[in-house]
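**Q** Quick one, fold the following:
(chains A, B and C)
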Amino acid sequence: MGMMNFAHGEFIMLAAYALYVFAGLPFPAAVASALLTGIAIALFAERVAFRPVRSADLSTQLVTSLAVAAILQNVVTAAVDARAQSVATPASLSESTSIGGFSVPNLEFVTLGLTAIVLAGLGWLLYRTRTGLAMRAAAENFDMARLLGVRADRVIAISFAISGALAAAVGVLIVMQTGQVTPTMGLTPVLIGFVAVVIGGFGRMFGAVIGGLLLGVLSSLLGAYLPDGLAPFRDAIVFTFPVLILIFRPHGLLGGEVGRARV
Amino acid sequence: MSGARFRSRSSFAISLLVPLALIGIVTLVGASGRPAFQGTVTLILCNLIVVLGLQVFVGNSGVYSFGQLGFATAGAYVAALLTLPPAFALLQTPGLPSFIADAQLGALPATLIAAAIAGLLAVAVGLPLMRTSTLAIPISTFAFLVVVYNVTANWDRVTGGSSGLVSIPTTTSVESAGLWAAVAAVLAIAFKWSASGYRLQATREDEVAARSIGIGVMRERLIAFGISGVLCGIGGALAVHQSGVLNPTTFYFGATVTTMTMLVVGGARSVLGAVVGAIAIATVNEMLRGIENGADLFGAISVGAAPGLAAIGLGLILLATMIAMPDGLSGGREAGELPWVRRLGPTASSPPSGAPAALAGRSQVEAVEKGALRAEEISIAFSGLRVLKKVDLELEPGEALGLIGPNGAGKTTLVNVLSGFQGPDSGTVTLDGVDVTGGTPTRLARDGLGRTFQASLPFPHLTALESVAVGAMGIGIGRRRAAAVAADVLDRLSLLGQAALPAGSLTPAGQRLLGVARALATHPRYLLLDEPAAGLNEVECGELAEILHGVLGDFGCGILLIEHEMSIVMELCPRIQVLDDGTTLCVGAPEEVQADPAVVEAYLGHSFQAVANA
Amino acid sequence: MLELRGIRVSYGRTEVVHGIDVGVGRGEVLGMIGPNGAGKSSILRSICGLMRPSGGEATFERRVLNGMAPERIARLGLALVPEGRHVFKTLTVAENLRLGARSDDEVALRIEPTLERFPILRERAHQRADRLSGGEQQQLAIARALLGRPKLLILDEPSLGLAPKTIDLIYELLEGLREEGMTMLLVEQNAARTIAFSDRCVVLGAGKVRAEGSREELQRDPDVLHAYLGRQP
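**A** Residues are numbered from 1 along each chain as shown, chains lettered A, B, ... in the order given. Predicted coordinates:
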């Protein structure tokens, strides 16, 4: 969307809670319900909150996403509880496989594989299909797309549904990793998204991925090598790092316009 | 032009007094209630101070910062630690240096120190953050908020960790909170209508145009960010001395949403909005909290306990406001600017009358110095496409040079290079002998180069007078003189009658002219006009030509006129330069250019020639 | 084909178009001229569904357009080439064109004749649209509209911001379209050229129709135009 969307973190959170709620079901069914939840809530938010402010300026949209996030977070707090709830991880995922002397948790494979598939899928969708073309056009100039016969409402809804599905996937993965859900768990992914975007440059999907990877590496390194006294401050350091990058490269590490438009 | 004023005296008085009156009423109501109620109202007033802090930055810059409550946290912790009795300090914060732990300051010194530290922190954090692009600030300030949370929650020995601090002396009374709130409101209005405040508002209205009149975007944002930090720090310090407890989540995400809601619902652009929003939302919040605990609605309906209802309710209100009423209850206007107030009293600003002041154009004063704006061998390519190929251009003060050529010839790009919006790949730009190649638009504006834009780029929410005056403020002229300068320029361009109107309500032609006026207010030696006649009809074109003639005479600046409207170019410019495909085809008098076969071939076309000869 | 009866357009509480009656017949080229602020663009926006008229009725081939969504109106055969072109800057020329057609099959069918007519687009097919000059963007916008096989082509100020020579080129293209029988509604500020080009012209001023007539009628009696346009057009 070209800007920070607080609500996206809450889509992740809600999908994770769906997993918690349906934990009694067989795992694939629970995951499916999480996916459906993510898609449903994203579509609902689009229809009710984001569509009306579609033509407003970015600041208005930003604050709208904040409002949606606040509402969702508090609804879950009120409906369930403010405290963390634990969720069981299926056995196969918590095991590890041996590769060349290192024991790698199976979960990592799943995460990596999923990321690769998603990236490839998105790239294909956006750049090779007609729907993807319509999505890019509607994102750039909504009215003009409609004037050409593009069912722009539908197209935007599709992109929200996709992002809802992706949020659900992230939510499931996070639950598998941490084993619990809390109403505030949506805030951290938003920040991670920020870091990724800063490192990768705004509006570049590929760059965001690199950013995410760098962040993961940094976080792990810090976790391993930070002196004990500073250990609790790992998060603070990790999130200060991109700010430092922004000082020297205000458009992100890899940022800078590719192909300047005529002014 | 000493009579020039941005708003009438009565409008100013009303705008100042109404928020103060509201604060006064709230204070009185609070003081007359029972202690619990007093406590609630005190907290509301403290919240109001934080919201005013938000308004100073967010409202004037148009940029959302989600980190301001980090400064409230900082102020709160500093004040709390300074006033904590030594015994408690030892218990809760063993890691604190003894000179702080042993100190037990009074409320006022503690608050002042907290404010100072919050302000310093804001400047320190703002220096890197304000450098980033406008889109990055919401995200990076949010990161700051999280970092503050992380630090306060983990630095157990100094901040008491996640359990926080207790037994903080409760020294804030309703009256003192009210007094601080009044001070904050006055400060907020004083800033908004100061030269720095106006410059910042200009960046909110249109960042590109603001840069072109010499405004340093980062600098103005940093100033407001610092002031905002101070106010938020004060609010935090006072609040914590009302509740007596403090922990990392006191001023975190929830409080950020609440204060943001207050500002937005009230109307971010005005101080009145901040005050009204804070009071209104606080009231709604209290009502909803009451219902949360299972109160009786109007004694008739009984509602069960519903925790989180207040927060959800506020979220819904925020959402509804964004959808239906993004400018908030006040519409972004101060009390003196509200439509029904206007109808009652005198208009917002008195159009000055009298003889034009000695508005010495920079050129006239320095007329003795003969200089020139020179571009030499400018080349620039975008993604392999060469847009300008070793183009030369020379413009002297007092002369009018027309720049024509087909679309894509590179005219606007050349203007962008000259005005600093683009750096050339090679070649130099010299301004009166000084090499200014690759300088920023801000620097160039201050050096005497003004420009307009094809799209006018008005400041919609500022009045015409303010829009032009801010041009003068951009190059460092003080408020009062800037108003006089602006009135004079508007008069010469026959726009004075519309001085009090919001710039956004002018006709497209009027906005175009206003852009010229704004550039003129920066006392340019060289004025670059980018297609000022586009979309104007015959009558308006003629008027524009007359005005530009006058500008040449009165202001003595050099004018570079990019145009497709041949009539005005031929009429105004004794010298014309034709650009095609990045190179100069010819430079000469209108007749020469019209007759040049290469020009006709590339640009004018034969039908034009036929008409011209008819 | 296109009938406007008593159309009124308002922005909030301000009415800018005060009841106009205009009709465009099949195969006809109608010009709509008038100064800035006369309401021309507002009328076009309400025809194409970007706005709802506050009064009156717009019909296209007997179907009522009021309140219909823009994408449906486009599918009915009404194509708008808006003021300022509005090509998709982040998409390539080819992608812009592809969007104009109703489906990929249509693209395959119609792309060759289109590129014949607009050779510069063939040259720039894989460049991003924001790299094109104003005149080239105008051609792209028209080509894109044509790919949708419109029954009525509406052009809003196609000559805006273009060099005189480029305008000549554009009008040559439009002449070619007219010869093929395309129905067109042409909105322009440049009165002389529009009157010369169109079969009939409607002169708009301050939200009302001020004068109307065929090419011959208007060219014979320029006083009518002077009264509303101020000076020799």
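**Q** how about the helices in chain C?
**A** Chain-ordered helices for chain C, with DSSP state H as the definition, fall at C:40-47, C:70-76, C:93-100, C:104-117, C:119-123, C:134-146, C:164-179, C:191-197, C:215-220, C:222-229.
**Q** Tell me which other helices or strands the longest helix belonging to chain A touches.
**A** Criterion DSSP H: the longest helix present in chain A is helix A:152-178. Applying 3 or more C-beta pairs under 8 Å, 6 or more residues apart in numbering or on different chains; DSSP states H and E, one finds that helix A:152-178 makes contact with helix A:6-21, helix A:27-45, helix A:106-128, helix A:130-140, helix A:142-147. Yep, even glycine has a C-beta here, placed from its N, CA and C like the rest.
**Q** What is the neighbour count of the closest residue to B:Leu314 other than its chain neighbours?
**A** Spatially, and ignoring its direct neighbours in sequence, B:Leu314 is nearest to B:Thr261 (5.2 Å; C-beta to C-beta, 6 or more residues apart in numbering or on different chains). Close neighbours of B:Thr261, defined as other C-beta atoms under 10 Å in any protein chain shown, add up to 28.
**Q** Pull the number of nearby residues for the closest residue to B:Tyr64 other than its chain neighbours.
**A** Of all residues not flanking B:Tyr64 in the chain, B:Pro138 sits nearest, at 4.7 Å (C-beta to C-beta, 6+ apart). B:Pro138 has 24 neighbours, counted by other C-beta under 10 Å.
**Q** before we move on, the earlier item: could you check the helices of chain C and tell me which one is nearest chain A?
**A** helix C:70-76 (4.0 Å; C-beta to the nearest C-beta).
**Q** can you give me the mean pLDDT across that closest one?
**A** For helix C:70-76, the mean pLDDT works out to 89.
**Q** near chain A at all, that helix?
**A** Yes: on the criterion C-beta under 8 Å from any C-beta of the partner chain, helix C:70-76 is in touch with chain A at C:70-71, C:74-75.
**Q** Of those residues, keep whichever come out buried.
**A** C:70-71, C:74 (16 or more other C-beta atoms under 10 Å in any protein chain shown).
**Q** Phi first, then psi, for the residue of chain C found nearest chain B.
**A** Per C-beta to the nearest C-beta, C:Ser133 is where chain C lies closest to chain B, at 2.7 Å. With angles defined as degrees, to the nearest 10, C:Ser133 sits at phi -80, psi 170.
**Q** how far off helix A:6-21 does the strand or helix carrying the residue nearest to B:Tyr64 point, in degrees?
**A** For B:Pro138, the element it lies in under DSSP states H and E is helix B:136-154. In terms of direction (axes from the mean of the first three to the mean of the last three C-alpha atoms, to 10 degrees), helix B:136-154 departs from helix A:6-21 by 50 degrees.
**Q** what about helix B:136-154, average pLDDT?
**A** 87.
**Q** check contacts around the residue nearest the centre of chain C.
**A** The residue lying closest to the centre of chain C (C-alpha atoms, centre = their mean) is C:Leu155, at 1.5 Å. By C-beta atoms under 8 Å, 6 or more residues apart in numbering or on different chains, the contact set of C:Leu155 is C:81, C:142, C:174, C:184-187.
**Q** what's the closest of those residues to B:Ala4?
**A** B:Ala4 lies nearest to C:Val187 out of the contacts of C:Leu155, by C-beta to C-beta, at 41.4 Å.
**Q** Who are the packing partners of whichever strand or helix holds B:Leu579?
**A** If you go by DSSP H and E, B:Leu579 is part of strand B:575-580. Applying 3+ C-beta pairs under 8 Å, 6+ apart, one finds that strand B:575-580 contacts strand B:400-404, strand B:583-588, helix B:590-595.
**Q** Of all these, which one comes closest to B:Ile477?
**A** strand B:400-404 (26.0 Å).
**Q** Residues in contact with the helix or strand just after the closest one: which ones?
**A** Next along the chain after strand B:400-404, taking DSSP H and E as the criterion, comes helix B:411-418. Taking contacts as C-beta under 8 Å, 6+ apart, the residues outside helix B:411-418 that touch it are A:262-263, B:373, B:375, B:378, B:380, B:387-388, B:391, B:393, B:403-405, B:422-424, B:429, B:449, B:451, B:454, B:528, B:530, B:560, B:562, B:579.
**Q** list the buried ones in the helix or strand just after helix B:411-418?
**A** Of the helices and strands lying after helix B:411-418 in sequence (DSSP H and E), the nearest is strand B:426-431. Buried residues in strand B:426-431, counting neighbours by 16+ other C-beta under 10 Å, are found at B:427, B:429-431.
**Q** quick one, what contacts the closest residue to C:Val87 other than its chain neighbours?
**A** Nearest non-adjacent residue to C:Val87, counting by C-beta to C-beta, 6+ apart: C:Ala129, 4.3 Å away. Counting by C-beta under 8 Å, 6+ apart, C:Ala129 makes contact with C:87-93, C:96, C:137, C:140.
**Q** CSV please, covering those residues and showing neighbour count.
**A** Output for these, formatted as CSV (neighbours: other C-beta atoms under 10 Å in any protein chain shown):
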residue, neighbour count
C:Val87, 24
C:Phe88, 25
C:Lys89, 18
C:Thr90, 16
C:Leu91, 19
C:Thr92, 16
C:Val93, 28
C:Asn96, 27
C:Gln137, 25
C:Leu140, 24
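**Q** Could you dump these into TSV with pLDDT added?
**A** Formatted as TSV, the contacts of C:Ala129 follow (pLDDT from 0 to 100):
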residue	pLDDT
C:Val87	87
C:Phe88	88
C:Lys89	85
C:Thr90	83
C:Leu91	87
C:Thr92	88
C:Val93	89
C:Asn96	89
C:Gln137	87
C:Leu140	90
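**Q** Could you count how many residues lie near the nearest residue to C:Arg110 once chain neighbours are set aside?
**A** Sequence neighbours aside, C:Leu147 is the residue nearest to C:Arg110 in space, at 5.5 Å (criterion: C-beta to C-beta, 6+ apart). The number of residues packed near C:Leu147 is 24, by other C-beta under 10 Å.
**Q** Is the most centrally placed residue in chain B part of a helix or strand, or is it coil?
**A** In chain B, the residue lying closest to the centroid (C-alpha atoms, centre = their mean) is B:Gln201, at 2.3 Å. Under DSSP: H, G, I helix; E, B strand; the rest coil, B:Gln201 falls in the helix class.
**Q** Excluding covalently adjacent residues, which one is nearest to it?
**A** Closest to B:Gln201 by C-beta to C-beta, 6+ apart is B:Asn60, at 5.4 Å.
**Q** low-scoring stretches of chain C, by residue?
**A** Residues of chain C that meet the criterion pLDDT under 70 lie in C:35-38, C:161, C:163, C:190, C:221-233.
**Q** Fine by me, thanks again.
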